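Trainee: Quick one, structure for this:
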Amino acid sequence: MFFWIMIMGLTCLNLNPREWMRGLKKMPKQWLLSQVLRYGIGVVISFVLIYILLVDHSLTGFVNSFGFIVAINLLVSGFFQAAQGLSTATKKKKVQKLKKGNVRLTQAGIGAVLFIGLLVMNMVYPLTITQQLSELGEIEISTDSIDSVTEESVRSVPHSYARYKSEIVFGNIDNYSFYELGESAIQRIDGELYWVSPIEYSSVWRWLRADSAPGYVMVSAENPNAEAVLVDDYEMTYVPSAFLGENLERHIRSLYGDVILIDYSFEPDDDGNPYYAYSYAYYDHYRSAPKADGVILVNPVTGEAEKYALGEQPDFIDNAIHYSLALDYAYWFGTYSNGLINSLFAKEGVHQPTSDEEMIGVLGPDGNMYWMIDHMRPNQESNAMVGFTMVNAQTGEATYYAGTSGMTNARGARDAVNRSFQREQWEGTQPVLYSIYDNYTWVVPVVDQSGLMREIAMVHADTSSVATGTSREEAFHHYRQMLANDLGTDDYIPTNLLDELEVEGTVYRVSQVSNSRFIQVLLEGESRVLEFDMTGNAAAVFIQPGDEIEVIVNDTGESVLPVIEFINLTTDEEFGEIEDFELEDENEQEVNEEGEADSSDE
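Mentor: Residues are numbered from 1 along each chain as shown. Just a heads-up that it's a prediction; the model follows:
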């Protein structure tokens, strides 16, 4: 790194050979002193660009940064020396000085051309490769539905609540005023989902006082009632908030000078050992169109680092491609697939991600982590999506699912949840789209005004119907009931809920009535629970242990089976079948009474 600082400092010297010859001939000491001064300025500029701003040590990296230095050097030196020569020349030497001045002005012209060329390459050239940008993520288009996930794959704890719980245990750190929580990210650790936050230095002064950062905080992303875990038995030296050689990015740059660093993710392995995974890329077109290339894995305790190609990193690395790059791919794909002009005017087929700041990390049905974002029509405050993009965060493989046009998007799901809790003034946060029971479903954690988690809402993307629960299990239970019983049409009921099953047996246990609506029954010899919705099966309230019953259920393949209809054989045998009867309306009753009165008068 310091080698390049010394070399690139030469860009501030006078770059005109003729001026060197003239200066050394006429005023050698003054000339050399001026060049030493200029070299010192160049070293300072080079230090800022290379050591502080960490410009990559690639050809385009140096050209794009120091090219401007060279251009300004040529431009200013040419004009200054030409003007100085003319001001000191006598009348007899004016013509000769003008000829020399033309040479110096040519030098200035070269600098101007170089400066303009660099501006064009940075500001205009990217607009000429928009078609290539749209293809950079290699996003495939699919009209298929994504596979359904299990309850265990669904994250239910939002970022804000995870930060709240992390702050609670953060106070248990020794000298906690030295530190602060770093960026929280979803991680899969030993088969479970966690929000993980590294502990960082709070300032340069704290870095000077502390020897190391102590570790990280873990919060379950699946169980809102689980306590946060402080892992503080590590001495992490190489972290993003450190300075000088202990700064994470500077440490990586010293080892891998020519890579294009994108951003990092904190990734403990399954044994809890901390690592930083720094995503890197290469440019396909000058300094535009970064193509994800791999990940550099750094041990923050020892500083050991290893470089992996994308898809070849260890299995515990969930975010080998950073979300910011995945979001760029989704935006370019939706915006520029039909060209730049179309994206500005006709906008045929144009769609854009609903957020320009983040993608949501989700666990897919295949057990891999994905970056997900829904798309909507451009420049529209719409609550309907036209599709969504999923990028495999471990391999970079990306798919745009176009079969969801007209369904509720993240904003619409949040609005539906907010309306459901308008009285409590609770709000939905961080909606995540899944396929649940073969239905696209937004899972939306509900928080109060203090950011505390209160409920979990599940929004049916096709109808915006909402089911809620105080836990993930309860929310799934109510959502399953809503799909099977409440939507009113078989079009929305997944195939695995349509399989009807006849069950008969002796009642072993009967639960208390839940929310004045549901009652659960366990039969002898059966492991699965029968659930009666009393709005359609009012007589279920009379079921008692020992009764013989026959039921028809929706076989969901889960531990709780919603009952469609039933017969209580015990009560039918004891009391017989209840005959149907009709209530007469008031008019018929008055007519009958008048008729009876007339006949009695006669």
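
Trainee: Count residues in the vicinity of V444, would you?
Mentor: By other C-beta atoms under 10 Å, 29 other residues sit near V444. Where you see a C-beta, it was placed from the backbone N, CA and C, and this is true even at glycine.

Trainee: Same check on L59?
Mentor: 9.

Trainee: same question, V124
Mentor: Neighbour tally, V124, other C-beta under 10 Å: 9.

Trainee: same question, A108
Mentor: 18.

Trainee: One more: V120?
Mentor: Residues near V120, counting by other C-beta under 10 Å: 11.

Trainee: Pull the contacting residues for it.
Mentor: V120 makes contact with no residue under the criterion C-beta atoms under 8 Å, 6 or more residues apart in numbering.

Trainee: In three-state terms, label it for me.
Mentor: helix (DSSP: H, G, I helix; E, B strand; the rest coil).

Trainee: and the closest residue to E235 other than its chain neighbours, how far is that from M1?
Mentor: Distance criterion C-beta to C-beta, 6 or more residues apart in numbering; nearest residue to E235, sequence neighbours excluded, is S212 at 3.9 Å. Computed with C-beta to C-beta, to the nearest Å, the distance linking S212 and M1 is 23 Å.

Trainee: Looking at the two, which has the bigger crowd around it?
Mentor: S212 (18 against 14).

Trainee: Thought M236 was touching the more buried one, still the case?
Mentor: Yes. Using C-beta atoms under 8 Å, S212 makes contact with M236 at a distance of 5.7 Å.

Trainee: what about the nearest residue to L255 once chain neighbours are set aside, how many neighbours?
Mentor: Leaving out its chain neighbours, the residue that sits closest to L255 by C-beta to C-beta, 6+ apart is A305, at 5.5 Å. Look at A305: counted by other C-beta under 10 Å, it has 19 neighbours.

Trainee: do you know how far the residue nearest to E235 is from E455?
Mentor: Taking C-beta to C-beta, one finds S212 at 40 Å from E455.

Trainee: now do I199
Mentor: Where E455 is concerned, I199 sits at a distance of 31 Å (C-beta to C-beta).

Trainee: what residues are up against the residue nearest to E235?
Mentor: 234-237.

Trainee: For ChimeraX, write the select line for the buried members of those residues.
Mentor: This is how ChimeraX selects the buried members of the contacts of S212, with burial counted by 16 or more other C-beta atoms under 10 Å:
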select :234,236,237
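
Trainee: Now, the contacts of S212 that are in strands?
Mentor: Per DSSP state E, strands hold no members of those.

Trainee: Quick check: of the contacts of S212, which lies closest to S184?
Mentor: M236 (16.3 Å; C-beta to C-beta).

Trainee: Touching, the closest one and P300? I think so.
Mentor: Yes. Counting by C-beta under 8 Å, M236 touches P300, with 3.9 Å between them.

Trainee: Find residues that contact each of these two.
Mentor: Common contacts of M236 and P300 (C-beta under 8 Å, 6+ apart): 213, 274.

Trainee: which ones are touching the nearest residue to M6 once chain neighbours are set aside?
Mentor: Excluding the flanking residues, the one nearest M6 by C-beta to C-beta, 6+ apart is V43, at 6.7 Å. Contact partners of V43, counting by C-beta under 8 Å, 6+ apart, are 5-6, 9.

Trainee: Which one of the residues you listed sits in the busiest neighbourhood?
Mentor: Ranking those using other C-beta under 10 Å puts G9 first, with 22 neighbours.

Trainee: would you say that residue is within a helix?
Mentor: Yes. Per three-state DSSP, G9 lies within a helix segment.

Trainee: Give me the pLDDT for it.
Mentor: Per-residue pLDDT puts G9 at 91.

Trainee: Report the separation between it and Y283.
Mentor: Taking C-beta to C-beta, one finds G9 at 25 Å from Y283.

Trainee: ok, now A413?
Mentor: 37 Å.

Trainee: of those two, who's got more company?
Mentor: Neighbour count, other C-beta under 10 Å: between A413 and Y283, A413 has more, with 29 against 16.

Trainee: Please tell me the pLDDT value assigned to the more buried one.
Mentor: 94.

Trainee: next one: the one 4 residues further on
Mentor: The model reports V417 with a pLDDT of 95.

Trainee: List phi and psi for it.
Mentor: Here is the backbone geometry of V417 (degrees, to the nearest 10): phi -70, psi -40.

Trainee: residues contacting it?
Mentor: Counting by C-beta under 8 Å, 6+ apart, the residues that V417 touches are 427-428, 444, 446, 457, 459, 466.

Trainee: go again using 6 Å as the cut-off
Mentor: 428, 444, 457 (C-beta atoms under 6 Å, 6 or more residues apart in numbering).

Trainee: The last one: how many residues sit nearby?
Mentor: When you say that, I think you mean A457. Neighbours of A457 using other C-beta under 10 Å come to 27.

Trainee: Tell me how far it lies from S145.
Mentor: The value you get for A457 to S145, if C-beta to C-beta is used, is 22 Å.

Trainee: thought the residue nearest to L255 was touching V298?
Mentor: Yes. Between A305 and V298 there is a contact under C-beta atoms under 6 Å: 4.6 Å.

Trainee: Now do the shared contacts for those two.
Mentor: By C-beta under 6 Å, 6+ apart, no residue touches both A305 and V298.

Trainee: Excluding residues flanking it in the chain, which one is nearest S405?
Mentor: V386 (5.0 Å).

Trainee: ok, now I552?
Mentor: I552 sits nearest to I564 (C-beta to C-beta, 6+ apart), 4.7 Å away.

Trainee: now that neighbour, what's its secondary structure?
Mentor: strand.

Trainee: and it, how many neighbours?
Mentor: Neighbours around I564, by other C-beta under 10 Å: 17.

Trainee: and the gap between it and I519?
Mentor: From I564 to I519 the distance is 15 Å (C-beta to C-beta).

Trainee: so when I look at E200, I'm seeing a strand, right?
Mentor: Yes. Read with three-state DSSP, E200 is one of the residues of a strand.

Trainee: May I have the beta-bridge partners of it?
Mentor: E180 (DSSP bridges).

Trainee: So it is in contact with G182, correct?
Mentor: Yes. Counting by C-beta under 6 Å, E200 does reach G182; the two are 4.3 Å apart.

Trainee: what stretches of the stretch 101-250 of the chain score poorly on pLDDT?
Mentor: 101-105 (pLDDT under 70).

Trainee: where along it do the strands fall?
Mentor: 139-142, 179-181, 185-189, 192-201, 216-220, 229-231 (DSSP state E, counting those that start in this stretch).

Trainee: will you turn those strands into a markdown table that also has mean neighbour count and distance to G257?
Mentor: A markdown table is the format used below for these (neighbours: other C-beta atoms under 10 Å; distance: least, C-beta to C-beta, whole Å):
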| stretch | mean neighbour count | distance to G257 |
| --- | --- | --- |
| strand 139-142 | 14 | 31 |
| strand 179-181 | 18 | 30 |
| strand 185-189 | 21 | 27 |
| strand 192-201 | 24 | 25 |
| strand 216-220 | 25 | 29 |
| strand 229-231 | 18 | 32 |
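
Trainee: Out of the ones you listed, the one nearest R155 is which?
Mentor: strand 192-201 (5.2 Å).

Trainee: which strands and helices sit next to the closest one?
Mentor: strand 179-181, strand 216-220 (3 or more C-beta pairs under 6 Å, 6 or more residues apart in numbering; DSSP states H and E).

Trainee: Given the last one, what are its sheet partners and their directions?
Mentor: Strand 216-220 has the following sheet partners, assigned by DSSP bridges: strand 192-201 (antiparallel), strand 229-231 (antiparallel).

Trainee: Out of the ones you listed, which gets nearest to N392?
Mentor: strand 192-201 (16.5 Å).

Trainee: Can you add distance to K29 and give the helices and strands packed on strand 192-201 back as TSV?
Mentor: Shown next, in TSV, are the helices and strands packed on strand 192-201 (distance: least, C-beta to C-beta, whole Å):
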stretch	distance to K29
strand 179-181	54
strand 216-220	59
